[in-house]
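Enquirer: my questions are about this predicted structure, shown below with the sequence.
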Amino acid sequence: MRFSDLILLGGLALASSLASAIDHGRIGPTYPIKEPDMLEWIEKRVAAKVASGEALRYQQQQTEKIERKLLNPAPLQSVTKATKGRTAYYDPTFVVDENVADDRGRILVAAGTTINPLDRVGLSRPLIFFDARDTSQVAFAKRFLAS
């Protein structure tokens with residue numbers, strides 16, 4: 001920093017320390033605020049809803065609505081009822097792009113390694129996707145799992 005910069009900064013610091021707030025009085029007419037305090041308004045509305053029991057009724061309605069949706073989820077539009085039997089195979093094998101190391105830098109899996117997770121962890125039983133609202137699909141799933 002140059003000496004002239006230091007002098008300029010010192011002058012600005014001195015000028016700012018000499019500046020102070022001055023009350024110039026009222027310049028024009030002032031009026032009281034007519035709008036209600038929004039926080040007070042909200043608190044009063046909430047208190048009234050709690051006192052009347054409306055808040056509790058609303059909470060119970062929402063709880064029932066959520067419970068209904070959890071117990072009876074909307075069907076997926078992208079999954080439709082099968083019209084013919086078919087089997088689909090999926091191979092989750094992948095190739096590791098870069099070395100995977102632990103916190104000490106020891107390589108756990110080298111880049112280029114081919115891994116199939118199903119070689120290490122399998123499924124304990126087959127997966128069946130069906131619409132539990134359709135009694136024929138439920139009957140099929142029961143028969144399939146029993147065999």
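Expert: Good, I have the coordinates.

Enquirer: what pairs with Ile115 across the strands?
Expert: Phe94 (DSSP bridges).

Enquirer: just checking, it touches Val96?
Expert: Yes. If you go by C-beta atoms under 8 Å, Ile115 and Val96 touch, sitting 6.5 Å apart. All C-beta spots, glycine's among them, are computed from the backbone N, C-alpha and C.

Enquirer: name the residues contacting each of the two.
Expert: Any residue near both Ile115 and Val96 by C-beta atoms under 8 Å, 6 or more residues apart in numbering counts here, and that gives Val109.

Enquirer: state the number of residues packed around the spatially closest residue to Pro75 that is not a sequence neighbour.
Expert: Nearest residue to Pro75, sequence neighbours excluded (C-beta to C-beta, 6 or more residues apart in numbering): Asp131, at 6.1 Å. Asp131 is flanked by 15 other residues according to other C-beta atoms under 10 Å.

Enquirer: what do you get for Ala55?
Expert: Residues near Ala55, counting by other C-beta under 10 Å: 15.

Enquirer: not counting its neighbours along the chain, what's nearest it?
Expert: Per C-beta to C-beta, 6+ apart, closest to Ala55 is Lys49, 4.3 Å.
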